[in-house]
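Student: sharing a sequence plus its predicted fold:
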Amino acid sequence: MLEIVTPWSTAEVYLHGAHVTHFQKNGEPPLLFMSQVSRFLRDAPIRGGIPVIFPWFGKPVDKPLQHGIARVRNWEVKELASPADGSVTVKLRLPYCSDLPACAVEYVVTVSRTLRAELVVTNKSEKEFAFENCLHTYFTVGDIGSVSVTGLKGVKYLDQLDSLARKVEKENRIHISSEVDRVYVDTKHTVSVHDASLKRIIRVEKEGSASTVVWNPWIAKAKAMQDFGDEEYQKMICVESGNVNGNAVKLAPGKTVSLRIKLSSTGLKKT
Ligand code: BG6
């Protein structure tokens, strides 16, 4: 695990899964939620932070495990940089995987006042490489009852809790008061998490991403998950950026594609 300290923030990055488990600005609560009962086992993904989902999302019938292989593999450090502007950049590389088409996969994490992450995939094979990707960001919130999510009004989504029924988001401010598991499609917009309890707005800016996933397991699913505390659903929300389902990437031979996120936070103005 790499521990990163900048003049504005701290962060932690595990080589297991290229997993950012911590980012916190000085004087603020952690931006990323981490489960207190995450397992940190060799074959299991870490619960919280930013799991890197690649090369598939969810659990297609022909795949051996949920959300791809990247989050359970050990990545290698390719480069570390701390330029004069005070930021720190970690570049990781996914080692050769016999179960993937020939490709190069890198993950670049930059820590400063903000947290930036970039998943870069190059197709080194002679055929098109079709894949899904997603940076599965778990955010810390003070109390899920005082959270709203904006930036998705009018966007179509697939409701994973209703046999992938296609629906349209009607709300300007999405409030969470039951289990939510939605894949918003064809949307490149910034999404914000407004947290009245921690008096903070988290902005999720993205590039190279046409899907946003919003997930909170709520009570029954939280209880069913071994690596997630029964009450932790109150303290987190996932707003994930990627390309899934009909937005899957089709990468021609020799081409490179990047999925980028920038996470930032500001105080909530009193109204
Ligand atoms: C979300 C999915 O992205 O990840 C949910 O939409 C899923 O369906 C959740 O339950 C967590 O997945 P996992 O494999 O980390 O338990």
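Tutor: Perfect, thanks for sending it. Residues are numbered from 1 along each chain as shown.
Student: Val20 touches Val13, doesn't it?
Tutor: Yes: contact status for Val20 versus Val13: in contact at 5.2 Å, counting by CB atoms under 8 Å. C-beta: built from backbone N, CA, C; applies to glycine.
Student: any residues in contact with both of the two?
Tutor: With contacts defined as CB atoms under 8 Å, 6 or more residues apart in numbering, the residues shared by Val20 and Val13 are Val109.
Student: got the residues of this structure near the ligand?
Tutor: Residues of the chain that fall close to the ligand, judged by CB under 6 Å from any ligand atom: 45, 66-67, 136, 160, 181, 213, 215, 240.
Student: now, those that are in strands?
Tutor: Judged by DSSP state E, those include 181, 213, 215, 240 as members of strands.
Student: will you turn the residues you listed into a markdown table that also has distance to Gln24?
Tutor: Converted to a markdown table, those look like this (distance: CB to CB, whole Å):
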| residue | distance to Gln24 |
| --- | --- |
| Asp181 | 27 |
| Val213 | 23 |
| Trp215 | 22 |
| Glu240 | 20 |
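Student: re the thing from before, widest-spaced pair of the residues of the chain next to the ligand?
Tutor: Across those, the two members that end up farthest from each other (CB to CB) are Pro45 and Gln160, 18.1 Å apart.
Student: most centrally placed residue in this structure?
Tutor: The structure's the chain has its C-alpha centroid closest to His136; by CA atoms, centre = their mean the separation is 2.2 Å.
Student: and the pLDDT for the residue nearest to that residue when sequence neighbours are not counted?
Tutor: Closest residue to His136 apart from its sequence neighbours, by CB to CB, 6 or more residues apart in numbering: Pro51 at 4.2 Å. Residue-level confidence at Pro51 comes out at 98, pLDDT.
Student: same deal with Lys270?
Tutor: What the model reports as pLDDT for Lys270 is 59.
Student: name the residue of the stretch 1-150 of the chain that lies nearest to the ligand.
Tutor: The nearest approach of the stretch 1-150 of the chain to the ligand comes at Gln66, 4.1 Å away (CB to the nearest ligand atom).
Student: as JSON lines, the ones in strands among the residues of the chain next to the ligand with pLDDT and distance to Lys255 would be great.
Tutor: Output for those, formatted as JSON lines (pLDDT from 0 to 100; distance: CB to CB, whole Å):
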{"residue": "Asp181", "pLDDT": "98", "distance to Lys255": "32"}
{"residue": "Val213", "pLDDT": "99", "distance to Lys255": "25"}
{"residue": "Trp215", "pLDDT": "99", "distance to Lys255": "30"}
{"residue": "Glu240", "pLDDT": "99", "distance to Lys255": "24"}
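Student: of these, keep whichever come out buried.
Tutor: Judged by neighbour count, with 16 or more other CB atoms under 10 Å as the criterion, the buried members of these are 181, 213, 215, 240.
Student: quick check: beta-bridge partners of the second one?
Tutor: In this case it means Val213. Beta bridges link Val213 to Val183, Glu240 when assigned by DSSP bridges.
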